[in-house]
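> Just need the structure, nothing else, for what follows:
(one chain, ligands or ions: 2)
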Amino acid sequence: AEPALADPYASLNPEQRAAVEHDVGAAAPRPLLVVAGAGSGKTNTLAHRVARLIQSGADPQRILLLTFSRRGANEMVQRAGGVLQRIFGTSAQAVAALPWAGTFHAIGARLLREYAGRIGLEASFTIHDRADSEDLMGMVRQDIGLTGGQKRFPLKGTCLAIYSRVVNSRDSLADVLQSTFPWCGEWEEELKRLFGAYVDAKQEQNVLDYDDLLLFWSEMASDPALGPELGALFDHVLVDEYQDTNRLQAAIIQGMKPDGRGVMVVGDDAQSIYSFRGATVRNILDFAQAFSQPARTITLDRNYRSTQPILDASNAVIAAALERHAKTLWTDKVSTAKPQLVLIPDEAEQARWVCNQVLAQRESGTKLTQQAVLFRAASHSAALELELVRRNIPFVKFGGLKFLEAAHIKDILAVLRFAQNPNGRLAGFRVAQLIPGIGPATAARLLDAVGESAEPAAAMEAFEAPARAQGDWAAFVALYRTLRAPGLRWPMDIELVKNWYLPHLERLYDDAPVRAADLEQLVQLAGGYGSRESFLTELTLDPPDATSDRAGPPLLDEDYLILSTIHSSKGQEWKAVHVLSVVDGCIPSDMATGSADDIEEERRLLYVAMTRAREQLHLVLPNRFFIKQQAQMGDRHVYAQRTRFISPAMLKHFEECSWVNADTPHSRKPMPDEVRMLVRDRARNAWK
Ligand code: ATP
Ligand code: MG
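Residues are numbered from 1 along each chain as shown. Ligands and ions are numbered 1, 2, ... in the order given. Next up, the predicted model:
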């Protein structure tokens with residue numbers, strides 16, 4: 001018999017408990033919305049709810065749990081497992097497996113593979129990440145001749161952004177152009193043609209892009225026959241971070257569960273930061289009336305994460321928003337330490353200051369993994385990354401350039417993708433051109449021949465490669481045959497590809513040994529997946545994070561600092577948080593100062609960043625920073641102003657301190673008078 005255990009829900013406050021107990025035991029609970037501020041325990045409540053449902057007899061196989069990242073999903077499964085363990089003891093492991101926990105995109109990919117035959121897709125489809133999608137858009141754009149002319153047609157990245165926005169928002173192209181890309185308005189007809197051709201190309205090549213995963217899923221969900229069938233797979237559908245879902249995602253939920261029964265979502269309208277992907281807070285605002293059953297709404301206002309001074313400052317920042325977010329959080333975590341505004345001469349000093357700070361915190365007992373450095377754009381951490389490497393401080397970076405975007409890794413993956421799906425032109429194009437003597441024109445001819453043939457390997461063998469390429473070409477075709485042959489045991493595939501690729505790597509790169517080490521990492525990583533297909537799918541959807549000294553994921557027992565874009569820090573918390581470059585031009589980004597809506601989203605971003613901190617919060621403000629500009633203007637240094645989101649009236653919530661040299665921290669050691677004067681004057685003149 002298991003020992004009697006304390007009530008695992010005892011720590012919940014009455015509102016959290018109400019959400020966890022909502023209609024428990026009813027065959028189909030009414031729809032439920034938990035809307036609450038940062039750190040109020042939304043995610044925690046969701047995890048307890050999952051445990052409570054399973055405890056009361058729900059089948060874990062029939063629980064769909066949608067989160068913002070795979071990290072989020074894993075954490076949720078673990079937390080729910082922890083609660084169940086306290087109830088059932090060790091036998092909880094089996095009950096706590098939640099096979100349907102993941103991101104919308106990952107779950108969509110899985111359902112689409114299962115239902116491919118029913119909706120006219122081939123189950124062997126490959127998935128394009130954003131970079132691939134951009135490249136394909138670029139190829140199509142060239143194919144249909146939309147590059148020339150006197151006026152410049154939008155670049156491939158812009159074209160993809162417009163396309164993606166149309167798909168995700170379900171607005172018309174004309175509306176999207178008018179509201180979001182007004183400078184492209186004159187190209188409406190051409191864009192229509194381009195998007196038509198892009199869609200055809202994807203279909204011909206049997207590839208899906210990220211948006212397709214949601215689009216096809218939502219089409220299935222709104223189909224009168226398939227929708228209910230999909231809905232019937234699940235008794236419960238739970239969604240975290242609902243404020244960052246878009247209309248397609250809302251349509252998916254509504255299509256699968258038209259009466260809303262079994263649906264529970266949690267979110268915070270003040271943290272909505274993904275409108276550039278078509279996310280809309282309307283989903284939260286409309287949730288109560290979205291289903292044939294009205295939803296119950298529960299709000300939480302007690303914060304369990306941050307100290308009161310951190311909350312006061314964050315509350316002040318968000319209270320100035322144009323739209324009201326009628327929530328003021330409170331906590332009983334008292335502290336006298338206000339968040340700090342750290343004034344620094346420039347970005348190089350900022351990097352040094354952060355390194356010093358991080359090490360000092362570690363000295364006083366806060367491990368590196370308990371600290372994070374956050375920034376608005378992935379490129380803002382460049383100087384810091386160099387400094388960290390120089391000082392041998394290990395770190396992991398979330399968001400931004402990923403392991404998988406390195407050219408040599410992409411080469412290997414392209415070979416695997418091409419073996420998986422011979423019609424994928426992008427992968428084929430990349431692979432063929434690895435062979436010396438094969439250029440774009442030959443590669444295109446080759447792919448045409450392969451595409452028209454039912455036997456891709458045979459078509460490749462028959463292909464007349466240029467004389468110079470013949471030896472290498474034959475070697476590749478032999479590899480290709482092996483990869484396509486049945487019975488090859490994963491991860492043997494990747495081992496073979498690596499061995500084939502190594503001589504090319506030597507030829508292509510000066511730093512081949514470093515890159516070869518990455519390939520070893522990739523092989524290691526591959527061993528953790530069940531098959532080539534699941535490896536390619538999951539890697540594309542949720543790539544591992546980049547690290548300091550090697551491209552692969554970090555060793556688990558290592559202490560490392562987290563570097564993250566604010567976007568990727570969503571839902572997480574650290575004991576100490578340092579936010580880089582809290583100046584106008586970075587937050588708000590000068591890319592985003594177009595409309596009032598853009599500015600408001602930047603304000604919410606700052607709020608998200610600040611509310612990640614449990615005990616210590618530093619906002620760092622370099623006085624000078626470097627911006628990369630359009631080619632014709634050249635890069636330059638600019639003098640920065642404190643972010644407009646911290647008004648003079650809010651300064652009482654912060655402690656200001658200055659730093660002229662990384663070795664003389666004003667707030668720690670006494671400084672000689674002249675330095676102090678300098679610091680004080682600088683602070684007065686440059687920041688007010
Ligand atoms: P965000 O908006 O940033 O996603 P959230 O509302 O999801 O935040 P959680 O991450 O669930 O908040 O919780 C924040 C912190 O508060 C976590 O460390 C969590 O363990 C803790 N917490 C939540 N509820 C309680 C509670 N009832 N008692 C003690 N700690 C709690
Ligand atoms: Mg959360």
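> For the closest residue in space to residue 530 that isn't next to it in sequence, give its distance to ligand 2.
Among residues not flanking residue 530 along the chain, residue 490 sits closest, at 7.1 Å (C-beta to C-beta, 6 or more residues apart in numbering). Where C-beta positions appear, they are placed from N, C-alpha and C, glycine not excepted. Distance, residue 490 to ligand 2, by C-beta to the ion, to the nearest Å: 35 Å.
> Residue 284 now?
Relative to ligand 2, residue 284 is positioned 14 Å away (C-beta to the ion).
> My guess is that residue contacts residue 269. True?
Yes. Using C-beta atoms under 8 Å, residue 284 is in contact with residue 269, at 5.4 Å.
> Identify the contacts common to the two.
Common contacts of residue 284 and residue 269, defined by C-beta atoms under 8 Å, 6 or more residues apart in numbering, comprise 35, 243.
> pLDDT wise, what is residue 132 at?
We have a pLDDT of 88 for residue 132.
> Which residues are in contact with whichever residue of the stretch 451-600 of the chain sits closest to ligand 2?
Nearest residue of the stretch 451-600 of the chain to ligand 2 (C-beta to the ion) works out as residue 571 at 4.1 Å. Counting by C-beta under 8 Å, 6+ apart, residue 571 touches 43, 68, 69, 72, 240, 241.
> How is it assigned, secondary-structure-wise?
coil (DSSP: H, G, I helix; E, B strand; the rest coil).
> now swap in the one 5 residues further on and tell me
On the three-state scheme (three-state DSSP), residue 576 is labelled strand.
> which residues sit in contact with it?
Going by C-beta under 8 Å, 6+ apart, residue 576 touches 361, 366, 370, 371, 372, 613, 614, 615, 616, 617, 618.
> Need the residue closest to the centroid of the protein.
Nearest residue to the geometric centre of the chain (C-alpha atoms, centre = their mean): residue 568, 5.4 Å.
> re earlier: now narrow the contacts of residue 571 to whatever sits close to ligand 2.
Contacts with ligand 2 within the contacts of residue 571, counted by C-beta under 5 Å from the ion: residue 43.
> Get me the contact residues on the stretch 501-650 of the chain for ligand 2.
residue 571.
> what's the distance between stretch 251-261 and the middle of its chain?
Here stretch 251-261 is found 25 Å from its chain centre; the criterion is C-alpha atoms, centre = their mean, to the nearest Å.
> List of residues touching it?
Residues outside stretch 251-261 that contact it (C-beta under 8 Å, 6+ apart) are 28-31, 104, 170, 214, 217-218, 220-223, 227, 230-231, 234, 237, 239, 263, 265, 290-293, 295.
> now with 7 Å?
28-31, 214, 217-218, 221-222, 227, 230-231, 237, 263, 290-293, 295 (C-beta atoms under 7 Å, 6 or more residues apart in numbering).
> now residue 74, nearest residue through space, not along the chain?
Closest to residue 74 by C-beta to C-beta, 6+ apart is residue 101, at 8.0 Å.
> pLDDT at that neighbour, what is it?
Per-residue pLDDT puts residue 101 at 93.
> The one 10 residues further on now?
The per-residue pLDDT reported for residue 111 equals 96.
> any idea what sits nearest it, other than its immediate chain neighbours?
residue 217 is the one closest to residue 111 (C-beta to C-beta, 6+ apart), at 6.1 Å.
> so where do the strands sit in the stretch 151-300 of the chain?
207-209, 236-239, 263-267, 296-300 (DSSP state E, counting those that start in this stretch).
> possible to save these as TSV with mean neighbour count and distance to ligand 1?
As requested, the strands of the stretch 151-300 of the chain are exported to TSV (neighbours: other C-beta atoms under 10 Å; distance: least, C-beta to the nearest ligand atom, whole Å):
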stretch	mean neighbour count	distance to ligand 1
strand 207-209	22	28
strand 236-239	24	12
strand 263-267	27	7
strand 296-300	18	7
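> would you list the ones you listed in CSV and tack on mean pLDDT?
What follows is those, written out as CSV (pLDDT from 0 to 100):
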stretch, mean pLDDT
strand 207-209, 93
strand 236-239, 97
strand 263-267, 97
strand 296-300, 95
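> Distance to residue 585 added to those strands, as a markdown table?
Formatted as a markdown table, those follow (distance: least, C-beta to C-beta, whole Å):
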| stretch | distance to residue 585 |
| --- | --- |
| strand 207-209 | 32 |
| strand 236-239 | 35 |
| strand 263-267 | 30 |
| strand 296-300 | 35 |
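> out of the contacts of residue 571, which are inside helices?
Among the contacts of residue 571, the ones falling in helices (DSSP state H) are 43, 72.
> Looking at the contacts of residue 571, which two lie furthest apart in space?
Among the contacts of residue 571, the pair separated by the greatest distance (C-beta to C-beta) is 43 and 69, at 11.8 Å.
> Name the nearest residue to residue 607, ignoring sequence neighbours.
Per C-beta to C-beta, 6+ apart, closest to residue 607 is residue 318, 4.5 Å.
> Run through the protein and note the low-pLDDT ranges.
Under the criterion pLDDT under 70, the flagged ranges of the chain are 1-5, 90-96, 148-151, 324-326, 399-404, 542-557, 592-594, 626-638, 661-688.
> ok, and the closest non-adjacent residue to residue 488?
Distance criterion C-beta to C-beta, 6+ apart; nearest residue to residue 488, sequence neighbours excluded, is residue 482 at 6.7 Å.
> How about residues contacting the strand or helix carrying that neighbour?
Assigned by DSSP states H and E, residue 482 belongs to helix 470-484. Identification of contacts with helix 470-484 by C-beta under 7 Å, 6+ apart yields 419, 435, 436, 457, 460, 461, 465, 488, 493, 496, 500.
> so the fifth one, which of the three states?
For residue 460, the secondary structure call by three-state DSSP comes out as helix.
> what number of residues lie near it?
By other C-beta atoms under 10 Å, 22 other residues sit near residue 460.
> Return the members of the contacts of helix 470-484 classed as buried.
Buried subset of those (neighbour count, 16 or more other C-beta atoms under 10 Å): 419, 435, 457, 460, 465, 493, 496, 500.
> Pick the one among the residues you listed closest to ligand 1.
residue 493 (38.7 Å; C-beta to the nearest ligand atom).
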